[in-house]
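> how does the following fold in three dimensions:
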Amino acid sequence: MEGRVLQDWVTIRAMGDVKIVQGQPFWLDASNYRDVMAWLDVRETLAAAPGSEVQISYETAPTEDEALFTLLGGPVTFVSNTVTVTQMLGSIQGTPLARWFRWKLSLKSPSANTWDGTFRVLVAFNRPGYRTPTYMTRPISRTSQEQGLSPEPVPIFGKQPDYGLAPPSEESEHGFKYKPPSINK
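I've put the predicted structure just below:
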């Protein structure tokens, strides 16, 4: 994952039922990524009226055309002094992450009063297949000893010490078979 700042600390104050969109120079280019996670850090918020809280939505579009932006995640309601994490994973998301990524503020329900919010948004992007451990890409199989690929362990100095576990080839008194972990697969 690669971290970015989508929005550094900002206080936005508005009046009435307006939608505030992040400025175009601050949109992030997400063309090389599949997944995104957003951390919304809210320090202060003032609702326009009860039930009319400030909320943020995350949008994406293939080009910088306003008409092409579509909802990717949210809306997430602002709550003072909290951090809210929103996962937008390409494998389960209805809308795929396109080239441009931005935020949009709005009210939960229309109001003519003044509202505001102090917040920042940090994001982490993930490339397709980036840092996927190899053990996650293979099906789980039997151990190499069970498949006959490696010999039984041989003690170096006579008798093996007893650590309270049955040797790999024997069952314990409780019927469990000890299988040593394999870290080289």
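
> okay, strands next: where are they in this protein?
Assigned strands in the chain, in chain order: 2-15, 20-21, 28-29, 35-46, 54-61, 70-77, 82-88, 100-107, 114-126 (criterion: DSSP state E).

> among those, which is nearest Gly94?
strand 70-77 (9.1 Å; Cβ to Cβ). To be clear about C-beta, it is placed using only N, CA and C from the backbone, and glycine gets the same treatment.

> okay, now the unreliable bits of this protein?
Low-confidence segments of the chain, defined by pLDDT under 70: 130-185.

> can you do 50?
132-146, 150, 154-155, 165-166, 168 (pLDDT under 50).

> just send the strands of the chain back as CSV, with mean neighbour count and distance to Gly94 too.
Output for those, formatted as CSV (neighbours: other Cβ atoms under 10 Å; distance: least, Cβ to Cβ, whole Å):
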stretch, mean neighbour count, distance to Gly94
strand 2-15, 13, 21
strand 20-21, 15, 21
strand 28-29, 16, 20
strand 35-46, 18, 14
strand 54-61, 22, 12
strand 70-77, 18, 9
strand 82-88, 15, 10
strand 100-107, 21, 16
strand 114-126, 19, 18
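
> residues touching the closest residue to Pro62 other than its chain neighbours, list them.
Spatially, and ignoring its direct neighbours in sequence, Pro62 is nearest to Ala98 (4.4 Å; Cβ to Cβ, 6 or more residues apart in numbering). Counting by Cβ atoms under 8 Å, 6 or more residues apart in numbering, Ala98 makes contact with 30-31, 60-62.

> Ala98 and Val85, how far apart?
Between Ala98 and Val85 the distance is 21 Å, computed by Cβ to Cβ, to the nearest Å.

> just Thr60 next, same as before
On the measure of Cβ to Cβ, Thr60 and Val85 end up 18 Å apart.

> what do you get for Thr77?
From Thr77 to Val85 the distance is 14 Å (Cβ to Cβ).
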